[in-house]
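# Next come a sequence and a model predicted from it.
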Amino acid sequence: MRRLSALNLILKSESSAAVLLLPVALLSLYLANSGSWLTDGLATEFGFLDLKLSISHWVADGALVIFFFVAGLELRNEVRWGVLRSWRVGLIPAFGALFGMALPALIYLALAKILSGPVSAWGVPMATDLPIALAVLIIFGKGLPIALRGFLLALAIMDDVGSILVIAFRFTHSLEFTWLLGAIFALFIFYQSTRNLQLGALSFLVALIVWYCTYKSGIHPTVCGVALGMAMPGSHDDDPDKVSAEEALRIWAPISSFFVVPLFIFTALAVPVNFNFDNLTDPITVSLLIARLIGKPIGILLGVWLALGITKEKNDLVLGDYFIVGILGTLGLSVSLLFAQLSLAGPELSAATVGVIVTLPMAILLAAIALRSRAKYLQR
């Protein structure tokens with residue numbers, strides 16, 4: 001029951017919130033291209049302790065931690081009740097996520113070399129946006145097996161975790177071990193406090209300390225979001241007053257879906273861009289388009305096929321269903337924009353933003369066609 005409750009919560013909040021992303025994205029692009037006041041405003045810096053960051057950086061390095069905290073909670077629940085509770089079953093979405101990240105990155109690198117584009121944007125086409133993928137699945141996937149939704153959820157969660165690990169390794173240029181040890185110690189205190197009713201009120205403060213120490217260590221602070229989510233305790237049947245991962249998910253999933261992700265999309269897309277011929281044919285745009293639309297579904301299907309061969313697992317899904325999940329995996333926005341922000345600047349960032357935006361409607365169209373075709377086949 002808890003597994004179904006957690007799954008239904010995620011499906012409902014994230015798919016519902018996806019409808020906010022389009023108007024938010026369009027508003028941000030319109031305002032950013034109507035004058036410099038928005039970009040100048042988001043560049044305004046304000047401080048906390050000894051940190052002085054722009055509003056955009058506070059959102060990307062601070063608020064977005066909540067998004068990855070929810071991903072950590074979702075991963076925690078999948079390990080406890082979902083497809084990840086068995087390593088044999090969990091290997092299938094794990095391989096799908098791994099190959100679905102690796103192949104688009106490799107295709108982008110190859111195309112960037114051929115077309116003389118910047119190789120630093122190789123991580124932009126890797127990630128999947130679960131809210132958008134779920135919304136498309138719910139709208140166009142009526143009549144499809146419910147197992148497909150559960151598998152998409154597991155794969156997208158592992159994709160999120162994999163993406164943040166890539167960001168951690170890629171953008172950690174220098175590591176301050178003292179601060180890293182402080183983050184680990186604070187994480188241990190957080191782990192203990194969430195299991196002690198008297199110390200539970202301190203958990204939020206300790207989580208802020210974990211974030212601060214992670215930031216000071218040189219590791220991208222969103223990494224600590226996943227760690228904090230995984231550190232939350234499971235349900236307490238003997239003490240319902242304690243906050244468990246399930247209760248935390250009920251609290252934070254709507255905040256992440258309806259506030260944090262739209263806020264990040266608004267700030268990340270506040271980049272002056274022109275959808276002219278030069279930008280649409282820019283090496284970055286073309287490379288991102290091909291890498292995501294081709295590399296993502298083929299990579300996910302290849303990973304799943306290999307995992308099925310290793311585990312010999314049988315389930316209700318066929319390879320065609322996994323390919324549909326692969327097409328849904330091409331739907332990426334928030335983490336792709338984060339990687340673009342971290343790896344590019346100026347005209348290159350503008351071209352990458354165009355690439356991410358242009359790819360999205362094309363991916364939605366492909367996913368809608370695949371979902372309706374599969375639904376009609378099952379109705380025969």
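Ah, there it is. Quick caveat, the model's predicted, so the values are computed rather than measured.
# Skipping adjacent residues, who's closest to Leu302 in space?
Leaving aside its sequence neighbours, Leu302 sits nearest to Phe99 (CB to CB, 6 or more residues apart in numbering; 5.1 Å). Every C-beta, even on glycine, is put in place using the N, C-alpha and C of the backbone.
# Just the element for the one you found, please.
Using DSSP states H and E, Phe99 falls within helix 87-115.
# Quick one: mean pLDDT over that helix.
For helix 87-115, the mean per-residue pLDDT is 92.
# before we move on, what about stretch 124-136?
85.
# nearest residue to Arg271 other than its sequence neighbours?
Not Arg; residue 271 is Val. Leaving out its chain neighbours, the residue that sits closest to Val271 by CB to CB, 6+ apart is Thr353, at 5.1 Å.
# hang on, I meant Leu27
Phe266 (7.2 Å).
# Quick one: list the elements packing against the helix or strand encompassing the one you found.
Secondary structure assignment for Phe266, by DSSP H and E: helix 261-268. Packing partners of helix 261-268 (3 or more CB pairs under 8 Å, 6 or more residues apart in numbering; DSSP states H and E): helix 2-32, helix 55-58, helix 64-80, helix 334-343.
# Give me the next element, helix or strand, following it.
The first helix or strand that comes after helix 261-268 along the chain, using DSSP H and E, is helix 277-280.
# Mind checking what helix or strand follows that following helix in sequence?
On the C-terminal side of helix 277-280, the closest following helix or strand by DSSP H and E is helix 283-290.
# Run through the neighbouring helices and strands of that next one.
When contacts are defined as 3+ CB pairs under 8 Å, 6+ apart, helix 283-290 sits against helix 87-115, helix 346-379.
# residues in contact with the helix or strand just after the first one?
If I follow you right, that is helix 87-115. As assigned by DSSP H and E, the chain's next helix or strand after helix 87-115 is helix 130-140. Outside of helix 130-140, the residues within contact range by CB atoms under 8 Å, 6 or more residues apart in numbering are 10-11, 14-19, 21, 144, 148-149, 152-153, 156-157, 160, 257, 261, 328-329, 331-333, 360, 364, 367-368, 371-372, 375.
# my read: the residue nearest to Leu302 touches Pro297, true?
No - checked against CB atoms under 8 Å, the pair Phe99 and Pro297 is beyond contact range at 10.6 Å.
# Pull out the buried residues from stretch 319-339.
Using 16 or more other CB atoms under 10 Å as the test for burial, stretch 319-339 gives 321-339.
# Start and end of it, how far apart?
30 Å (CA to CA, to the nearest Å).
# do stretch 49-57 as well
Note: stretch 49-57 ends 15 Å apart using CA to CA.
# avg pLDDT for it?
Averaged across stretch 49-57, pLDDT comes to 88.
# before we move on, what about stretch 281-301?
Computed over stretch 281-301, the average pLDDT equals 94.
# Can I get that stretch in CSV, CA atoms only?
Output in CSV follows, covering the C-alpha atoms of stretch 281-301 (Å, rounded to 0.1, in the frame of the first residue of the first chain):
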residue,chain,number,x,y,z
THR,A,281,21.9,25.4,-37.7
ASP,A,282,24.5,26.0,-35.0
PRO,A,283,26.8,23.0,-34.4
ILE,A,284,25.7,22.9,-30.8
THR,A,285,22.0,22.9,-31.7
VAL,A,286,22.3,20.3,-34.4
SER,A,287,24.6,18.0,-32.2
LEU,A,288,22.2,18.2,-29.2
LEU,A,289,19.2,17.5,-31.4
ILE,A,290,20.7,14.4,-33.0
ALA,A,291,22.3,13.2,-29.8
ARG,A,292,19.1,13.3,-27.8
LEU,A,293,16.5,12.1,-30.3
ILE,A,294,18.7,9.2,-31.6
GLY,A,295,21.1,8.4,-28.8
LYS,A,296,18.6,8.5,-25.8
PRO,A,297,16.1,5.9,-27.0
ILE,A,298,18.6,3.6,-28.6
GLY,A,299,20.9,3.8,-25.5
ILE,A,300,18.0,3.0,-23.1
LEU,A,301,16.8,0.1,-25.3
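# Next, the buried residues of that stretch.
For stretch 281-301, burial by neighbour count (16+ other CB under 10 Å) applies to 282-293, 295-301.
# Check stretch 254-261 too.
Buried, per 16+ other CB under 10 Å, within stretch 254-261: Pro254, Ile255, Ser256, Ser257, Phe258, Val260, Val261.
# now those residues as JSON lines including secondary structure, pLDDT and distance to Leu84?
Formatted as JSON lines, the buried residues of stretch 254-261 follow (DSSP: H, G, I helix; E, B strand; the rest coil; pLDDT from 0 to 100; distance: CB to CB, whole Å):
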{"residue": "Pro254", "secondary structure": "helix", "pLDDT": "86", "distance to Leu84": "23"}
{"residue": "Ile255", "secondary structure": "helix", "pLDDT": "89", "distance to Leu84": "24"}
{"residue": "Ser256", "secondary structure": "helix", "pLDDT": "88", "distance to Leu84": "20"}
{"residue": "Ser257", "secondary structure": "helix", "pLDDT": "85", "distance to Leu84": "21"}
{"residue": "Phe258", "secondary structure": "helix", "pLDDT": "87", "distance to Leu84": "26"}
{"residue": "Val260", "secondary structure": "helix", "pLDDT": "91", "distance to Leu84": "24"}
{"residue": "Val261", "secondary structure": "helix", "pLDDT": "88", "distance to Leu84": "23"}
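# Turn those into JSON lines, columns for distance to Ala207.
Putting the buried residues of stretch 254-261 into JSON lines (distance: CB to CB, whole Å) gives the following:
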{"residue": "Pro254", "distance to Ala207": "18"}
{"residue": "Ile255", "distance to Ala207": "14"}
{"residue": "Ser256", "distance to Ala207": "14"}
{"residue": "Ser257", "distance to Ala207": "19"}
{"residue": "Phe258", "distance to Ala207": "20"}
{"residue": "Val260", "distance to Ala207": "15"}
{"residue": "Val261", "distance to Ala207": "19"}
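# Packing partners of whatever helix or strand Trp211 lives in?
Secondary structure from DSSP H and E places Trp211 in helix 203-217. For helix 203-217, the packing partners by 3+ CB pairs under 8 Å, 6+ apart come out as helix 177-193, helix 223-231.
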